[in-house]
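[1] pasting the structure only:
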Ligand SMILES: [Zn+2]
């Protein structure tokens, strides 16, 4: 068992204790699409003991340019069924729970309250805001990622310790858009999300806690932008508005 993880146990901040922390942790990945693919593989590879995957979509041909957890044989299948099948073949030491449902205001609390941490892998602002509000209310940390073509962002939110997504984006939902996406750029952002999740579980500093990482593949540059609490934020209260 530990041989499987020996290369990461070698990392000084990690050790057997760190591996045990990952084994004891539960992470809910919301979205089994492009970001979800890389997140799920990284979290499963690292040995997160309990992995939930929520998505109600089915696999279509236009997904396969980036959603490499799904194969051609999976076209027409539920994404969570396809993803869970791959995880079980990939790492039989962990438990995976597929959830074929879209996260809504009605079900979000019940679903996420069963997990230690949430990893957002969605392409729409509505789902982000629903999860943001529920995580703030429950005090559950979460990581978010977003992409549009050659650019992407990621941020880690630790409720009341850091500003929330409503502090960053406001509560007005933008019109729904279909974003362009390229597998390696999506994978880069999802890898950063997975790193934040693992750092948090290990009890290490999470450098992106309260900071928005902006990645521009046109110039291969990363920029970190500190987030600010929004005064009287309707979701988190903007606790440290004066900071
Ligand atoms: Zn807020």
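    Arrived safely, thanks for sending. Keep in mind that this is a model prediction, so the values were computed, not measured.
[2] alpha carbons only for contacts and neighbour counts from here, please
    OK.
[3] buried stuff in the lengthiest helix in the chain?
    In the chain, taking DSSP state H as the definition, the longest helix is helix 183-202. By 16 or more other C-alpha atoms under 10 Å, the buried positions in helix 183-202 come out as 183, 185-202.
[4] cool, stretch 11-27 as well?
    Counting neighbours by 16+ other C-alpha under 10 Å, one finds that the buried residues in stretch 11-27 are 14, 15, 18, 19, 20, 21, 22, 23, 25, 26, 27.
[5] name the element the fourth one belongs to?
    Counting by DSSP states H and E, the secondary-structure element that holds residue 19 is helix 15-24.
[6] Show me what that helix packs onto, helices and strands only.
    helix 6-9, helix 183-202 (3 or more C-alpha pairs under 8 Å, 6 or more residues apart in numbering; DSSP states H and E).
[7] If we go by neighbour counts, what in stretch 104-116 is buried?
    108, 109, 112, 113, 115, 116.
[8] Just put those in TSV and tack on secondary structure and distance to the ion.
    Shown next, in TSV, are the buried residues of stretch 104-116 (DSSP: H, G, I helix; E, B strand; the rest coil; distance: C-alpha to the ion, whole Å):
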residue	secondary structure	distance to the ion
108	helix	18
109	helix	18
112	helix	19
113	coil	20
115	coil	21
116	coil	20
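[9] between the buried residues of stretch 11-27, which is closest to residue 211?
    Nearest to residue 211 out of these is residue 27 (C-alpha to C-alpha; 21.1 Å).
[10] Tell me which strands the helix or strand containing the closest one pairs with, and in which orientation.
    In this structure, residue 27 sits in strand 26-30 according to DSSP H and E. Looking at strand 26-30 with DSSP bridges, its partner strands are strand 50-54 (parallel), strand 117-120 (parallel).
[11] can you list those in a markdown table and add distance to the ion and mean neighbour count?
    As requested, those are exported to a markdown table (distance: least, C-alpha to the ion, whole Å; neighbours: other C-alpha atoms under 10 Å):
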| stretch | distance to the ion | mean neighbour count |
| --- | --- | --- |
| strand 50-54 | 24 | 23 |
| strand 117-120 | 17 | 26 |
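[12] Out of those, which gets nearest to residue 127?
    Counting by C-alpha to C-alpha, and looking across all of those, nearest comes strand 117-120 at 8.8 Å.
[13] Quick one: mean pLDDT over the closest one.
    Averaged over strand 117-120, pLDDT sits at 98.
[14] mind checking how far the helix or strand just after that strand is from the chain centre?
    Note on strand 117-120: by DSSP H and E, the next helix or strand toward the C-terminus is helix 125-138. How far helix 125-138 lies from its chain's middle: 13 Å, per C-alpha atoms, centre = their mean, to the nearest Å.
[15] Touching helix 125-138 from outside, list them.
    103-105, 108-109, 112-113, 120, 122, 141-142, 144, 159-160, 164-166, 171, 173-174, 176, 235-236 (C-alpha atoms under 8 Å, 6 or more residues apart in numbering).
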